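**Q** everything below, folded, please.
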Amino acid sequence: MNPVIGLDISKGKSDGQIFLDKGHPYGKTFRFLHNRDGLQRLLNIIVDVQNKTEKSLTVNRSLPSGCHTVPR
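**A** Numbers count the residues shown, from 1 in each chain. Coordinates of the predicted model:
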């Protein structure tokens with residue numbers, strides 16, 4: 001098992017899907033806002049999956065065009 005969370009990051013909100021292994025989605029896709037409540041929801045989902053699988057999640061993200069560098 002190699003759990004992965006895929007994130008499609010947009011302005012103001014993001015969509016996510018968790019896979020327990022390649023081709024095996026866990027639950028439904030979810031959306032969260034880029035605010036305190038939304039990020040807490042994302043953290044709760046990640047912790048839930050880590051507790052159930054006893055493994056850390058790998059994060060795979062898609063950034064909007066124009067967001068290709070990480071600020072220092």
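**Q** hmm, who's touching the helix or strand hosting residue 43?
**A** Using DSSP states H and E, residue 43 sits in helix 36-53. Here helix 36-53 makes contact (C-beta atoms under 8 Å, 6 or more residues apart in numbering) with 1, 3, 5, 13-14, 16, 18, 20, 26, 30, 32, 56-57. No exception for glycine: its C-beta is placed from N, CA and C like everyone else's.
**Q** buried ones only from those residues, please, as a ChimeraX command.
**A** Buried residues within the contacts of helix 36-53, by 16 or more other C-beta atoms under 10 Å, are selected in ChimeraX with:
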select :3,5,14,16,18,20,26,32,57
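**Q** now, the contacts of helix 36-53 that are in strands?
**A** Among those, the members found in strands (DSSP state E) are 5, 13-14, 16, 18, 20, 26, 30, 32.
**Q** now for this protein, the helix or strand with the poorest mean pLDDT.
**A** Least confident element among the helices and strands of the chain, by mean pLDDT, DSSP states H and E: strand 58-62 (a mean of 83).
**Q** now that one against helix 36-53, angle please.
**A** Between strand 58-62 and helix 36-53, the angle comes out at 140 degrees (axes from the mean of the first three to the mean of the last three C-alpha atoms, to 10 degrees).
**Q** sheet partners, orientation included, of strand 58-62?
**A** strand 4-9 (parallel) (DSSP bridges).
**Q** centre of the chain versus the strand it pairs with, how much separation?
**A** Here the centre of strand 4-9 is set off from its chain's centre by 4 Å, with C-alpha atoms, centre = their mean, to the nearest Å.
**Q** got the angle between that strand and strand 13-21?
**A** Using the same axes, to 10 degrees: strand 4-9 against strand 13-21 is 160 degrees.
**Q** and strand 4-9, what's its mean pLDDT?
**A** Regarding strand 4-9, the rounded mean pLDDT is 90.
**Q** and the contacts of it?
**A** 14-19, 45-46, 49, 57-64, 67.
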